[in-house]
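1. A structural model of the following input is requested.
(2 chains)
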Amino acid sequence: MVQKHFTVINAQGFHMRPATNFATAMAAHPCTVTIRFNGKEINAKSPMLIMAACIKVGSEIDVVCDGEGENDALAAAAEMIEGGFGE
Amino acid sequence: MIKGTAASDGIGIGKILLIEEASLEFTPHPVEDPAAEVERFRSAVNTLIAQTERDAAMLRETAGEKEALIMEGHISLLNDPALKGETENLIMGGQCAEEAYSSMCDMFVGIFSSMEDEMMRQRAADVRDIKAGLLRILLGVREVRISDAPKGTVILIKELTPSVTAGIKKGNIVGIITETGGKTSHSAILARALEIPAVLSAANAVSRLENGQPVIVDGSAGIVIPDPSFDQLNEYTEKREAYLRERAELEQFRGRRTLGADGAEYELVCNIGKPEDANKVLDHDGEGVGLFRTEFLFMDRSAIPTEEEQFAAYQQAALILKGKPLIIRTLDIGGDKEIPYLGLEKEENPFMGFRAIRYCLKNRELFKTQLRAILRASAFGDIKIMFPLITCVEELRAGKALVEETKKELTVLGIPFNKDIEVGIMVETAAAAMISDVLAKEAAFFSIGTNDLTGYTMSCDRGNANVAYLYSALQPAVLRMIERTIRCGRQAGIPVGMCGEAAANEMLIPLLMSFGLTEFSVSAPSVLRTRKCISRWTKLEADGIAEKAMSLATEQEVADYLSKVVSAAK
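-> Numbering: from 1, shown residues only, chains lettered A, B, ... in the order given. Now for the predicted structure:
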């Protein structure tokens, strides 16, 4: 299991498009991907659960990847979140 | 008359076609073979995905790319592993597909509709839309298709869903009335993209109107007139033609440069308040941004936004504009706006008090955080910095010194930014206008903020009805302030823009052209109209008008004269 802490920097947070793009990207990895936010665990392959979690700009989150290809998944997640989802 | 939300401009006159959703009620029944039920569910999802893909392709042709993306958003919701997985779990637990999917969708609808953010509340409509779509397939109910509606049809529907919209034939549907949805709802966006007049959230429209009833839809005013009288029909037919004529005329100015009648070129840019508004600038053919207000970043929250957050917002605007100019105004906050965490005290006289650049220069860390974020974003576009409410040269010098200090720190850290970034000022106080000759030597550009300049020059609060009569940019005193500022800027060889409401005022435009204004910054929807107004005059004609206007003694005389001149030119 690998994990990393992030602060969400893009103005819109995990809004519709970022959430959808993120979940789609995570779904391509065989390991499980979970976002820990506000004491909740969110399946990061589900755009709906991500949107429902209401993760806004400035939110502190942890991304946890567990299983096959976990390092690749975490690297991909970091690139998207730290890059502000290309907004 | 029924009132609603004006969601898509224009006037439609036609007959009501009520679109009633077929009943999607079902009786939950226990399932004997859950595995087979899961298969039935999966195949329904696949059918709906295929159908949605077809709708998206159709919408791409009739409405455009952005609207098609809404439909494609539905596909990602249909594929959502949580929604699909949990539904299948419920089915394996013995529920029928209809019941399982409905309860999962209802849960998400509940979550999304309770969110504060309107954009997110729209997701509830998306989920309801896919739920209805799936139930229709599971129950074998045929969907209402409106592609057969005859010419002159006004659609009346509870909620306009993208899947219904996909069937709209542009030439046949002349108006849309719904019972739900706001200005930013999918219904509104779709109606605007299709250029069909729409009144949304018209209360109880479905029960108050009936199929085949003649009706007028005024999407600009947000009203629906059932059974119009002969006079009303005449009035609105005329209005409709005038609207179409004007729009066609303005459309001719799209994609063109902003030129006076003699070919002199001006810059026509926009005022924005959020990074995503930069998209509207492009939609309305603006040439860049003359004023990006940064207050939104600081409002409605409990702590100062971080540098990263600010950087992301400025960078986003710069990236959307793709190299077009972007003037970012530093924080313009003061005693009249409540931002608890900034610790601003209530003041007797907030407009004369501790605000804008005055506050920022006393709160160096907050100010430098913003400057650092702007400088970092300057590596991604043509960004300029603008200080608000400058009243003396020392303030400009102090602000510029902080910009230099911040640049040095970034250089040490090896963080890229535009080393030649321009630093200009708002001229919006009487003091700045009076010393604009001195300020012009040290500012890279001016932008005249006519709203505050008018208030400060006339010493009146436009919110106070007893003195509001003084508040006009056509007051001879205000015109002299504007003329002086532009002249001093021109003499020093710096560009002078205007970002107040006056920049789009057709009466003032010939005066501004004569004075030598180089940049007009207006709200995005005013771009084409302003470009057209500018195209009316040569510099020589404008000079003649300005000379006469400046010789008049009262605001009334100036207004009468200019309105006469402008109507004669139309």
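2. what about the helices in the stretch 301-450 of chain B?
-> B:307-321, B:356-362, B:364-377, B:393-413, B:430-434, B:436-439, B:450-458 (DSSP state H, counting those that start in this stretch).
3. The one residue in chain B that gets nearest to chain A: which element?
-> Among the residues of chain B, B:Ala82 lies closest to chain A, at 3.5 Å counting by C-beta to the nearest C-beta. Quick note: C-beta positions are derived from backbone N, CA and C, even for glycine. Secondary structure from DSSP states H and E places B:Ala82 in helix B:81-92.
4. Show me which positions of that helix end up buried.
-> In terms of neighbour count (16 or more other C-beta atoms under 10 Å in any protein chain shown), helix B:81-92 has its buried residues at B:Pro81, B:Ala82, B:Leu83, B:Lys84, B:Glu86, B:Thr87, B:Glu88, B:Leu90, B:Ile91.
5. so what pLDDT did the closest residue to B:Thr161 other than its chain neighbours get?
-> Among residues not flanking B:Thr161 along the chain, B:Asp129 sits closest, at 4.5 Å (C-beta to C-beta, 6 or more residues apart in numbering or on different chains). Confidence at B:Asp129, expressed as pLDDT, is 87.
6. go on, the one 10 residues further on?
-> At B:Leu139, the model reports a pLDDT of 90.
7. how many other residues sit next to it?
-> Other residues near B:Leu139 come to 14 when the count uses other C-beta atoms under 10 Å in any protein chain shown.
8. Same question for B:Gln252.
-> By the measure other C-beta under 10 Å, the count of residues near B:Gln252 is 12.
9. Excluding chain neighbours, give the residue nearest to the residue in chain A that chain B sits nearest to in space.
-> In chain A, the residue that lies nearest chain B is A:Ser46 (3.5 Å; C-beta to the nearest C-beta). Setting aside the residues directly before and after it, A:Ser46 is nearest to B:Ala82 in space (C-beta to C-beta, 6+ apart), at 3.5 Å.
10. Could you report the separation of that neighbour from A:Gly69?
-> Distance from B:Ala82 to A:Gly69, counting by C-beta to C-beta, to the nearest Å: 21 Å.
11. Run through the residues that contact B:Ala97.
-> Each residue near B:Ala97 by C-beta atoms under 8 Å, 6 or more residues apart in numbering or on different chains is listed here: B:Glu37, B:Val38, B:Arg40, B:Phe41, B:Ala44, B:Thr87, B:Ile91, B:Leu138.
12. for chain B, longest helix please?
-> helix B:34-62 (DSSP state H).
13. so whichever helix or strand comes after it versus helix B:34-62, what angle?
-> Tracing the chain past helix B:34-62, the next element assigned as helix or strand by DSSP H and E is helix B:65-78. For helix B:65-78 against helix B:34-62, the angle by axes from the mean of the first three to the mean of the last three C-alpha atoms, to 10 degrees is 170 degrees.
14. other SSEs contacting helix B:65-78?
-> helix A:16-27, helix A:47-52, helix B:34-62, helix B:118-139, helix B:162-165, helix B:186-194 (3 or more C-beta pairs under 8 Å, 6 or more residues apart in numbering or on different chains; DSSP states H and E).
15. The nearest residue to B:Arg536 once chain neighbours are set aside - how many residues pack around it?
-> Leaving out its chain neighbours, the residue that sits closest to B:Arg536 by C-beta to C-beta, 6+ apart is B:Ala569, at 5.1 Å. Residues near B:Ala569, counting by other C-beta under 10 Å, number 14.
16. Just the pLDDT for B:Ala569.
-> Confidence at B:Ala569, expressed as pLDDT, is 88.
17. Equivalent analysis for B:Ile75, please.
-> Listed pLDDT for B:Ile75 reads 89.
18. contacting residues for it?
-> Residues near B:Ile75 by C-beta under 8 Å, 6+ apart: B:Ile49, B:Thr52, B:Glu53, B:Ala56.
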